[in-house]
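**Q** Give me the fold of what follows.
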Amino acid sequence: MPFVGVISILTSSLKIEGALLLLIAASGLLAGLTLLSIDSVALASLIWTFATLPILATLLLQAFRSLRRGDFGLDILAALSMAFALLFGEYLAANVVALMYAGGQMLEGYASGRAAREMAALVGRVARTAFRYSGDQLELIQIEAIGAGDRIMIRQGEVLPVDGILLSPRAVLDESALTGEALPVDHLTGEEVLSGSASIGPVFTLKALRPASESTYAAVVRLVETARNSKAPMTRLADRYGLVFLLMAVTIASSSWLLSDDPRRALAVLVIATPCPLILAVPVALMSGISRCASIGCLVKDGGALEALSRVRVAVLDKTGTLTHGKAQIVAIRCSDWIDKDELLRLAASVDQASSHVMAAALIAEAQARHLTLSPPTDVEEIGGTGLEGTVDGRRVVVGGDRFVKSRSSERPSYTVEGHHRAGEVVVTVAIDGMVAGSIIMADPVRAEAVGVLQRLRSAGIEKIILASGDRLDVASHVGSILGIERVLGEQTPASKVDAVVAARSFGPVMMVGDGVNDAPALAAADVGVALGARGAAASSEAASVVLLVDRLDPLANALVVARRTVTIARESIMVGLGLSVAGMIAAAFGYLPPLHGALLQEAIDVAVILNALRVLGLSSELENGSSRHRRNTEARPASNTQLS
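**A** Predicted structure coming up:
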């Protein structure tokens, strides 16, 4: 313990950093070689020794800290090789090992920094202050002071600090930090915009939906920090490989010394068995994979989730809000010949202003989209879950289910409401002044990208897809037939969705995709839970291990490809690196590799496996090609194929 304390004081007082360690080792090596060229062997050996000691001291301190945490890293082998080289008079070999170790540390730092640049960009974009309207005046406040309902001014170049509703006519946003999409996105009055987007257009006003601490971007940053600090199961597996490798190296070195009576063979074995960057190639690969996923709009919370995502073979999908948009839309308006469609919609939407029903919200939104002028309703009576009746512009309007409306009407329509809609559609009947005037057909459309995404999931290795919906079985089956899903479960409760996930494990590891509070238990029960975080419930995002940052499914298919490639590359780094090191150790044990040559070979192996791990960052072209094909297929598909109508 006193020796470790001395080392700690030494390294702390000298403030030795990676670059300085590399400079010391390189300067010592060059100075020693210069002295050797003029036959100053003793002085050269002394220089090499002093150039090695600071690196050895730092390495011993790191190894001690790792052992205290229970990590048996291969840094111990590097320390042993340097110490034995100095002990047996191989001063040049010791200096070369020190140089290679310091260079490896620099390379690791570069690799890790490059792999995490998308994450650093995410965290660095967090806004700190904002201009809030106080009456007609503006005040500069910390974003922590923003509350729901506050009006915020966003200037060109600023990052949105909170999620909100656009109050100005137009906003042009750069959403690349959330979606990976490089093109700017236009938003119009009333649309929801997400924190973390950057304004690249004119000044606009935003109405905050929630405090900054509960915004989409704050959740993203928290998840990024979790991902940064995580230690994946594969990393722990690499640690176990490291412990086995350490014991193997010591055994081979000891045996070669005992059998040959040549300590330099043992030294050569230890020198080539110091692949310190080798084990770090695994977290570099995993961090690169997490970083790539974040850049395409899919946040993987940790390396363990990325590994699990690479293994999934079964996908259980929620319907509402996941495969569909989760909100009703008007697909058709049918009316009698004495009233036109826009007037029917205007009267129905006007009286529905007094209702909080989701169908009422859809009618109002459609009327506003058509620029219809809504009138305030009076004398409104609402029967919960059935319909409502009120007066609009002096006319008595009844809106609701067909039976309810007809019960309050004196005349029948000139057409039959039944038969005008299909499974999954809902009919809202409208009567005016005692006469049934028409009906509005509504549905929750299937997402335009859903068909293509499911095809890409299958091509990426998903062998079975199950649709689990809380809706009626006929509605869920209709969606399943549109999307080509063979196994459909309807009328599912949160508990039965968990049962469905558990049952699906008989086919392989399960991925559950959902967005609502009712999906949270199933997301937690699955091997990989995927939540639509852009508009989904907070509970589902907390329960999930993967969160889609945009209101689309496309990033999920890309993330699956990234996960599989990342794990494949990480395993290659482990197996190839350790295999080459073992081969080198055997050659050194039989005397074919002297210590100096072994040190050079060891560093070549380390550099190779780290560069191999960085291949994960080169997946962009493959992902772009897949996304482009999917976009072309989506654009070519008729709209009727992606809707319930």
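**Q** tell me which element Arg403 falls in.
**A** Using DSSP states H and E, Arg403 sits in helix 402-407.
**Q** just Leu596 next, same as before
**A** Of the helices and strands defined by DSSP H and E, Leu596 is found in helix 595-613.
**Q** sorry, back to before: any idea which helix or strand comes after the helix holding Arg403?
**A** In the C-terminal direction, the helix or strand that comes right after helix 402-407 (DSSP H and E) is strand 425-432.
**Q** after the strand or helix carrying Val351, next one along is what?
**A** Of the helices and strands defined by DSSP H and E, Val351 is found in helix 341-352. Downstream of helix 341-352, the next assigned helix or strand under DSSP H and E is helix 358-369.
**Q** Can you give me the buried ones in that next one?
**A** Neighbour-count burial for helix 358-369 flags 359-367 (criterion: 16 or more other C-beta atoms under 10 Å). For every residue, glycine as well, the C-beta is placed using N, CA and C.
**Q** For these, which two are the farthest from each other?
**A** Across the buried residues of helix 358-369, no pair lies farther apart than Met359 and Ala367, at 12.8 Å, counting by C-beta to C-beta.
**Q** So which residues make contact with the helix holding Val351?
**A** 330, 333, 335, 359-360, 363-364, 366-367, 370, 372-377, 380, 388-390, 392-393, 395, 397, 399, 428, 430, 432, 437-438, 440 (C-beta atoms under 8 Å, 6 or more residues apart in numbering).
**Q** Stretch 482-499 now?
**A** By C-beta under 8 Å, 6+ apart, the residues outside stretch 482-499 that reach it are 316-318, 323, 446, 450-451, 454, 464-477, 479-480, 500, 512, 514, 518-522, 525, 641-642, 644.
**Q** next one: stretch 39-54
**A** 11, 14, 16, 21, 24-25, 27-29, 31-33, 35-36, 82, 85-86, 89, 91-92, 94-95, 97-98.
**Q** So which bits of the helix holding Leu596 are buried?
**A** 595-599, 601-603, 605-606, 608-610, 612-613.
**Q** picking up where we left off before, please check the contacts of stretch 482-499 and keep the buried ones.
**A** Buried residues within the contacts of stretch 482-499, defined by neighbour count using 16+ other C-beta under 10 Å: 316-318, 323, 446, 450-451, 454, 464-471, 475-477, 479-480, 500, 512, 514, 518-522, 525, 642, 644.
**Q** Among those residues, name the ones in helices.
**A** Residues of these located in helices (DSSP state H): 450-451, 454, 475-477, 479-480, 500, 520-522, 525.
**Q** closest to Leu299 among these?
**A** Distances from Leu299 to those, taken as C-beta to C-beta, are shortest for Ala520 (17.1 Å).
**Q** and the closest one, what pLDDT?
**A** Residue-level confidence at Ala520 comes out at 75, pLDDT.
**Q** Distance check, it against Ile152.
**A** When C-beta to C-beta, to the nearest Å is the yardstick, Ala520 and Ile152 sit 30 Å from each other.
**Q** quick revisit: could you pull out the buried residues of the helix holding Val351?
**A** Using 16+ other C-beta under 10 Å as the test for burial, helix 341-352 gives 344-352.
**Q** what mean pLDDT does it have?
**A** Confidence over helix 341-352, taken as the mean pLDDT, stands at 93.
**Q** Stretch 592-606 now?
**A** Average pLDDT, stretch 592-606: 79.
**Q** for stretch 372-383, same thing?
**A** The predicted confidence, averaged over stretch 372-383, sits at 89.
**Q** follow-up on the earlier one: how far off centre is the helix holding Leu596?
**A** 32 Å (C-alpha atoms, centre = their mean, to the nearest Å).
**Q** what's that helix packed up against?
**A** Other elements packing on helix 595-613 under the criterion 3 or more C-beta pairs under 8 Å, 6 or more residues apart in numbering; DSSP states H and E are helix 91-115, helix 263-272, helix 276-295, helix 554-589.
**Q** Between helix 554-589 and the second one, find me the angle.
**A** The reference is to helix 263-272. 170 degrees (axes from the mean of the first three to the mean of the last three C-alpha atoms, to 10 degrees).
**Q** let's have the chain start at 250 instead
**A** Got it, the first residue is 250 from now on, which makes the last one we talked about helix 512-521.
**Q** If you count contacts, what does helix 512-521 end up packed against?
**A** Checked by 3+ C-beta pairs under 8 Å, 6+ apart, helix 512-521 has helix 324-336, helix 340-364, helix 482-509, helix 803-838, helix 844-862 packed alongside it.
**Q** What is the subsequent helix or strand relative to the helix or strand of the chain with the lowest mean pLDDT?
**A** Across the helices and strands of the chain, mean pLDDT, DSSP states H and E gives its lowest value to helix 251-263, namely a mean of 35. Once the chain leaves helix 251-263, the next helix or strand it forms, by DSSP H and E, is helix 267-286.
**Q** So which residues make contact with that following helix?
**A** Residues from elsewhere that reach helix 267-286 (C-beta under 8 Å, 6+ apart): 265, 290, 292-294, 296-297, 299-301, 303-304, 307, 340-341, 344-345, 347-348, 350-352, 354-355, 358.
**Q** Pull out the buried residues from the next helix or strand after that helix.
**A** Later in the chain than helix 267-286, the nearest helix or strand by DSSP H and E is helix 290-317. In terms of neighbour count (16+ other C-beta under 10 Å), helix 290-317 has its buried residues at 293-294, 296-298, 300-313, 315.
**Q** average pLDDT across helix 290-317?
**A** The average pLDDT for helix 290-317 rounds to 81.
**Q** got the angle between that helix and helix 267-286?
**A** The directions of helix 290-317 and helix 267-286 differ by 150 degrees, with the same axes, to 10 degrees as the criterion.
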